[in-house]
Each structure stands twice: as structure tokens, then as C-alpha cells.
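S.K.: sequence and predicted model, in that order:
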Amino acid sequence: MLAGLRDRLIRNRTQLANSVRGYAAVFGVITATGLAHLAPLFDRIEPDEGLPIPTRELFAGLASEYAQLQA
């Protein structure tokens, strides 16, 4: 049971990371693949004045969800 739960959480984390990279690319913010590049991506998006405020807020929510999955 625990192994199945762990696999599901890893799968969810990977799907979220891929979605975030795709959403960021729509706004011209490109990053390399891999989980190590996701936190710096969130750090770049947060202060980016070129992105609309609702977009930055949505990315902040995704960052929070990612942090929960990491924990």
C-alpha cells in the first residue's frame, strides 16, 4: 500500500512539474527539464513584472502544491 501511494505521489509531482514548465513556456519563460530546475523557475516567475498578476498568483499556487508534494 505504501509503495503504491509513493508511486502515485511521484507521478503527481512529475505531472505537475511538466505542466508548470508548459505553462511557463506559454509566457516565454523557458527552463530545462528536471525537478532541480523547477524551484529556480518559480523564483524567476514570482518577481517577473512582465507577467500579469493573476498569472503570477496562479504560479504561486502551483509552487505551493509542488512544495506539498515534495514534502
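M.R.: Now that the structure is in, tell me what you want to look at. Numbers count the residues shown, from 1 in each chain.

S.K.: mind naming the longest helix for this protein?
M.R.: For the chain, the helix with the greatest residue count under DSSP state H is helix 2-26.

S.K.: give the rounded mean pLDDT of that one.
M.R.: Averaging pLDDT along helix 2-26 yields 95.

S.K.: where's residue 51, which helix or strand?
M.R.: Per DSSP states H and E: residue 51 is located in neither a helix nor a strand.

S.K.: ok, it touching residue 27?
M.R.: Yes - contact criterion CB atoms under 8 Å: residue 51 and residue 27 qualify, at 5.7 Å. The C-beta positions use only the backbone N, C-alpha and C, and glycine is treated the same way.

S.K.: neighbour count winner among the two?
M.R.: The neighbour comparison of residue 51 against residue 27 (other CB atoms under 10 Å) goes to residue 51, with 19 against 15.

S.K.: for that one, give me its contacts.
M.R.: Neighbouring residues of residue 51 by CB atoms under 8 Å, 6 or more residues apart in numbering: 27, 29, 45, 59.

S.K.: what mean pLDDT does the helix or strand harbouring residue 54 have?
M.R.: Following DSSP H and E, one finds residue 54 within helix 53-70. The average pLDDT within helix 53-70 is 95.
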